[in-house]
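J.: sequence unknown, structure follows:
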DNA sequence: CGGCTCTTTGAATCACATCAAGGCCCGTGG
DNA sequence: CCACGGGCCTTGATGTGATTCAAAGAGCCG
């Protein structure tokens, strides 16, 4: 989409303008990292960059045959499972540089549905090819194990949050998590736009939308936040951290 | 233990009676499975079988340097994280044939503590060696990816349980989970002993011990369960399944 | 403008937590 | 053998944070 200008050139060099793993500015967040350039090229060769998906479009559905995992390049994705009575349990929000779909590996069937919260670009990484490549590139294998393990520790942090923390603490922890993930991408840690609705927040944190709304209202009244619909400004970072006394340490891949 | 009779033989073949991966009766539950015998031997060579650990002893602590994952051979283990205010969040109970410790891979530091609920035997599997071996044996790599993925889906089921289900539903789901894991090991699905205390159950399900106790009492009054301290008999399996309407499908590795 | 969906706010209710007491089991020691 | 103490579990009375129900405001689009 943002490469259309170059089509004027008649040389067969439109390839130069394509995104690839080595020029991707997220490549230290996503899979590569500490790979030699020939290894990055090998990885690049298996990664498929499809056209952007629009808000409310699906990347995969629960029950679909599992073939690939996905890396978010831009935008944001929510993953959720549907309970038998039709309610959504959001299992994660995924931002650029983050990987999703690893819950499909165990049964070769996706265990959750992934839906775009806004127009987003993703890299599709066929899992079989990734496995083969991992066997040849020890660093890649290790890194992928680490990414799966990170998903596990993050799920366990969410378990603790749901099990032990009040509504205020849960909301504070989520805001801080989004903030720190923004910072990791060199974006503002204090001002950002929430891509998800209040319903999604509720379905992630195990709260109703009314409670979400009330907590946010409360935090505004205390001048900790300033919220205008989806736009959030964190006015008092320390106070927010204090409320979310739960440590939301954001581990980096080694 | 059940091989002692054979010691009468005077041939220098006491090795034959040592536990190893190929004669382990759990080997379809744990790592191997569909490996050729030379591959099982290679795996066997890196697995360390230490002496049994006793009730309340630790396998590893949160914060310890991560070196190995562990497979339970007998007994049972609980894994938990400690919140900053000192409370325990139990993240899982592990029975024979199940693997734990994978949350330590991402940062090379254990993210949880593992403690024996009763006298237990475990296999220690050094992770570096497992990685190297995985690179050589595609089936092993795939199987290990699947095991990690299973941990993710199970954590996500717990997230849903905590977020969406009542105390009664949570307890019913846990009992059914233990029941089906017993069945997988050819044990009774209807009568078993809970190795964990009410406190542990509460810390796993996000409930207080009083609530756990009340729910169990209620289920007894309805003649769905018969409970004598830690001994549980499921009298009405269908009713229990009905209460835990959450599907606790127990996926098997393909 | 009207008709959506999403969000906010208030009042009533409920499920679970908290507080408090008592029971049971088991080991230890007189 | 019984008495005592300490875990662990159960049961009841009371409190409370979050849900539920209800209604109205705010943003968005045809």
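T.: Structure received. Predicted, not measured: the structure shown is a model, and the values here were computed from it.

J.: now the helices for the stretch 51-200 of chain A?
T.: Taking DSSP state H, counting those that start in this stretch, the helices of the stretch 51-200 of chain A run over residues A:127-136, A:138-164, A:167-184, A:198-205.

J.: residue B:82: which of those helices is closest?
T.: helix A:138-164 (9.7 Å; Cβ to Cβ). For glycine as for every other residue, the C-beta is placed from the backbone atoms N, C-alpha and C.

J.: from what I can see residue A:134 touches residue A:148, true?
T.: No - counting by Cβ atoms under 8 Å, residue A:134 does not reach residue A:148; the two are 11.4 Å apart.

J.: now for the residue nearest the centre of chain A: which residues touch it?
T.: Most central in chain A under Cα atoms, centre = their mean is residue A:94, positioned 1.5 Å from the mean C-alpha point. When contacts are counted by Cβ atoms under 8 Å, 6 or more residues apart in numbering or on different chains, residue A:94 touches A:72, A:76-79, A:100, A:114.

J.: do the same with residue A:79
T.: So residue A:79 contacts A:90-94, A:100, A:103, A:112-115 (Cβ under 8 Å, 6+ apart).

J.: that one and residue B:82, how far apart?
T.: Look at residue A:79 and residue B:82: by Cβ to Cβ, to the nearest Å, they are 28 Å apart.

J.: buried ones in the helix or strand where residue A:213 lies?
T.: Assigned by DSSP states H and E, residue A:213 belongs to helix A:209-221. Going by neighbour count (16 or more other Cβ atoms under 10 Å in any protein chain shown), the buried part of helix A:209-221 is A:211-212, A:215-216, A:219.

J.: want to try a markdown table for those, with distance to residue A:191 and pLDDT as columns?
T.: Shown next, in a markdown table, are these (distance: Cβ to Cβ, whole Å; pLDDT from 0 to 100):
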| residue | distance to residue A:191 | pLDDT |
| --- | --- | --- |
| A:211 | 24 | 97 |
| A:212 | 20 | 96 |
| A:215 | 19 | 96 |
| A:216 | 15 | 96 |
| A:219 | 15 | 95 |
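
J.: show me which of the residues you listed neighbour DNA strand D.
T.: Contacts with DNA strand D are made by residue A:211 out of these, judged by Cβ under 7 Å from any atom of the strand.

J.: closest to residue A:200 out of the buried residues of helix A:209-221?
T.: residue A:212 (9.5 Å).

J.: which ones are touching that closest one?
T.: Counting by Cβ under 8 Å, 6+ apart, residue A:212 makes contact with A:167, A:171, A:198, A:201-202, A:205.

J.: filter these by proximity to DNA strand C?
T.: Among the contacts of residue A:212, DNA strand C is touched by residue A:198 when using Cβ under 7 Å from any atom of the strand.

J.: pull the most distant pair out of the contacts of residue A:212.
T.: For those, the maximum inter-member distance is 12.7 Å, found between A:167 and A:198 (Cβ to Cβ).

J.: so what's residue A:4 scoring on pLDDT?
T.: The confidence metric pLDDT takes the value 41 at residue A:4.

J.: could you chop chain A up by domain?
T.: In the domain annotation for chain A, the residue ranges read A:4-154, A:165-243 (automatic domain parsing).

J.: what sits against the residue lying closest to residue A:120 once chain neighbours are set aside?
T.: Nearest residue to residue A:120, sequence neighbours excluded (Cβ to Cβ, 6 or more residues apart in numbering or on different chains): residue A:75, at 2.5 Å. Contact analysis of residue A:75 by Cβ under 8 Å, 6+ apart lists A:52, A:96, A:116-121, A:195.

J.: would you turn those into a markdown table with neighbour count and pLDDT?
T.: Compiled in a markdown table, the contacts of residue A:75 are given as follows (neighbours: other Cβ atoms under 10 Å in any protein chain shown; pLDDT from 0 to 100):
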| residue | neighbour count | pLDDT |
| --- | --- | --- |
| A:52 | 15 | 86 |
| A:96 | 24 | 93 |
| A:116 | 22 | 94 |
| A:117 | 19 | 93 |
| A:118 | 15 | 92 |
| A:119 | 14 | 91 |
| A:120 | 24 | 92 |
| A:121 | 18 | 91 |
| A:195 | 19 | 93 |
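
J.: where does residue A:21 sit: helix, strand or coil?
T.: Classification of residue A:21 by DSSP: H, G, I helix; E, B strand; the rest coil places it in coil.

J.: just to check, residue A:133 is in contact with residue A:43?
T.: Yes - Residue A:133 is within contact range of residue A:43, at 6.4 Å (criterion: Cβ under 8 Å).
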